[in-house]
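>>> The sequence and its predicted three-dimensional model are supplied below.
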Amino acid sequence: MDSPSRNQVKKAGSTLRKFMRGDLREHSAVIDALDVMETWRGAHYGPLVSANNGLRSRARTIGVAAEVTQRLKRSQTILDKLRREPTLDLSRMQDIGGCRAVVDTKDDLRRLESRILHNLDPVAHTDYIEHPRLSGYRGVHLIVKYQDRAIEIQLRTKTMHEWALATENYSQVISENLKQDGSHPIQLFLRVASDMMALSEDGLPIPAEMTRLHEQRRIDALPYLKEVARER
């Protein structure tokens, strides 16, 4: 199948959303829509490789040690996002292709961010360090265009990345996306942990009241944390 038009991709996303809602029973239409989605997903691979290579090159040029990885969003994850965001146009989903750089310090992160902004013109730029998500997630996200495909670039320090990995691990065990904003006991615990990690990363003291809140939320989350420990 040739690369589908954006209108075809938009229509495919709408068809899949209707099927997941139970409003569509025509299986042939669903199969066709899945084919379009998979072809669209595959069309991001070449641009993703270019973005990954560009990110590695920029880090080397400015002398920043960076662990750079890339990924195509899994098909099931695309479907989950369509279900979760009922107004999202599949053709405008900006993180089907994504690459990430994990660096040692916030200073390294800002230098790499500046280099990207100097070379590219992002269509979106979100700073979750200055404005963390309510979940506690921190990092910088940029959406750039490579070969007319939107590619997401994530920048994290090692500390931010450790928090995100722990959160993903907890999410898998309890089958809930804890990086989204919410009020699950583990989310409330991780939110305070993120604040403490950020202060420590900046070389700042951790207030006693924050330490007490962290301990209380750890106690509240303990039944779920024990479940995570059993799964490991």
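That came in fine, so what should we check first?
>>> hey, let's count contacts and neighbours off CA atoms from now on
Will do.
>>> what lines up beside the top strand by length along the chain in the sheet?
Using DSSP state E to define each element, the chain has its longest strand at strand 149-157. Neighbouring strands of strand 149-157 in its sheet, by DSSP bridges, are strand 97-103 (parallel), strand 140-146 (antiparallel).
>>> so can I have TSV of these showing mean pLDDT?
Shown next, in TSV, are these (pLDDT from 0 to 100):
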stretch	mean pLDDT
strand 97-103	98
strand 140-146	97
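>>> Of all those, which one comes closest to Trp163?
Of all the strands paired with strand 149-157, it is strand 97-103 that lies closest to Trp163, at 12.3 Å by Cα to Cα.
>>> Check the offset of that closest one from the chain's centre.
10 Å (Cα atoms, centre = their mean, to the nearest Å).
>>> The helix or strand following it: which residues count as buried?
Later in the chain than strand 97-103, the nearest helix or strand by DSSP states H and E is helix 106-119. Buried positions in helix 106-119, judged by neighbour count with 16 or more other Cα atoms under 10 Å: 106, 108-109, 111-113, 115-116.
>>> now swap in stretch 33-45 and tell me
In stretch 33-45, counting by 16+ other Cα under 10 Å, buried: 33-34, 36-41, 43-45.
>>> In helices, which of these appear?
Among the buried residues of stretch 33-45, the residues falling in helices (DSSP state H) are 33-34, 36-41, 45.
>>> re the thing from before, please tabulate the strands paired with strand 149-157 in TSV, including the columns mean neighbour count.
Shown next, in TSV, are the strands paired with strand 149-157 (neighbours: other Cα atoms under 10 Å):
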stretch	mean neighbour count
strand 97-103	24
strand 140-146	20
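>>> Turn those strands into JSON lines, including distance to Leu178.
Listed next are those as JSON lines, based on distance: least, Cα to Cα, whole Å:
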{"stretch": "strand 97-103", "distance to Leu178": "20"}
{"stretch": "strand 140-146", "distance to Leu178": "18"}
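>>> sorry, back to before: and the angle for the longest strand of the chain with helix 106-119?
Note on geometry: by axes from the mean of the first three to the mean of the last three Cα atoms, to 10 degrees, strand 149-157 and helix 106-119 are set 160 degrees apart in direction.
>>> now strand 149-157, how far from the centre of its chain.
That offset, for strand 149-157, works out to 8 Å (Cα atoms, centre = their mean).
>>> On the C-terminal side of it, identify the next helix or strand.
Counting by DSSP H and E, what follows strand 149-157 is helix 158-174.
>>> count of neighbours near Val192?
By other Cα atoms under 10 Å, 20 other residues sit near Val192.
>>> Wait, a helix at it?
Yes: the assignment for Val192 is a helix, going by DSSP: H, G, I helix; E, B strand; the rest coil.
>>> Just to check, it is in contact with Arg212?
No: when contacts are counted by Cα atoms under 8 Å, Val192 is not listed as touching Arg212 (10.2 Å).
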